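[1] Dropping a prediction and its sequence here:
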Amino acid sequence: MSDENENRDNISPSETEEQNNSEIVKVKKSRIKKVKTKDKKKKKKKKGVHLGIGSLMLIFFCSFLIVIATFLQLNITHMIVPLKFWTGEPTTINDFIYSIKYIPQIPIVIFIVGLLGRRLGSVSILLYILAGLFFVPVFALGGGWRYIFEYSFGYIFAYLPAAILVGTILKKDYSYKNVAKAVFIGVLTIHIIGLIYMTGLAYLKHAGWSFVCAWTQAQSGIKILYDFVFSYLAVLVAKYARIILWFYL
């Protein structure tokens, strides 16, 4: 005991201050480390998909929107300049009028991604696909797992990669230029994957080249232009709908 007391007496005030300061620094560093680990855990949690009641309602509602769009046909009529006009062939008034039956399924898919974002939008689209393959015949020609052998299934399957791409681009901002970029890439992705899927299936079924050309013209002919226009307008609507429904997301 006497030795310890002598050692304590021999310590100078400056040395005691240094020891106290070092202990304070150690405590502060330990606290900083704890705060950083808590922040990292919070960030990791934020990266996940949070599904509240409002988010689930929107997901199911948007899946139902795709079903409605699948069986909805818009009759679009507008003026065109026919090829006969340029070749000098005789034309009538009907040649200058173009009518098309348009199914707004792709613009609705792009709208859903613009409204819900990449993750929740992909969940909504995946729910629609799974429902059509295993539960309810929500596709245009029915449903069931055998639907993967239909020529149009490639377009449906392409909704998922298109949703990821569109959502990733729109995550940056909703400026007019960025929306146009997202829509262009998204619509083009759906049509390219759909055509590749259809061509591969036609090859396996030994379908003729004339069938492939006719199908391409019917599914990805002039309709792709309508997909670009209506999808762009759909994202602009989703932009303001997202602001209104911010408390659900």
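    All right, it came through fine. Numbering: from 1, shown residues only.

[2] and the host helix or strand of residue 154, average pLDDT?
    Taking DSSP states H and E as the criterion, residue 154 maps to helix 153-157. In this model, helix 153-157 has a mean pLDDT of 95.

[3] now the helices: where do they sit in this protein?
    2-10, 13-47, 53-70, 83-87, 105-134, 153-157, 159-170, 176-204, 209-220, 223-244 (DSSP state H).

[4] Can you report how many residues lie near residue 136?
    Using other C-beta atoms under 10 Å, the number of residues around residue 136 comes to 13. C-beta: built from backbone N, CA, C; applies to glycine.

[5] Dump the helices of the chain into a markdown table; add mean neighbour count as well.
    A markdown table is the format used below for the helices of the chain (neighbours: other C-beta atoms under 10 Å):
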| stretch | mean neighbour count |
| --- | --- |
| helix 2-10 | 8 |
| helix 13-47 | 10 |
| helix 53-70 | 17 |
| helix 83-87 | 10 |
| helix 105-134 | 23 |
| helix 153-157 | 22 |
| helix 159-170 | 22 |
| helix 176-204 | 18 |
| helix 209-220 | 13 |
| helix 223-244 | 17 |
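
[6] May I see those helices arranged in CSV, with distance to residue 144 as well?
    As requested, the helices of the chain are exported to CSV (distance: least, C-beta to C-beta, whole Å):
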stretch, distance to residue 144
helix 2-10, 86
helix 13-47, 36
helix 53-70, 15
helix 83-87, 42
helix 105-134, 7
helix 153-157, 11
helix 159-170, 18
helix 176-204, 16
helix 209-220, 21
helix 223-244, 26
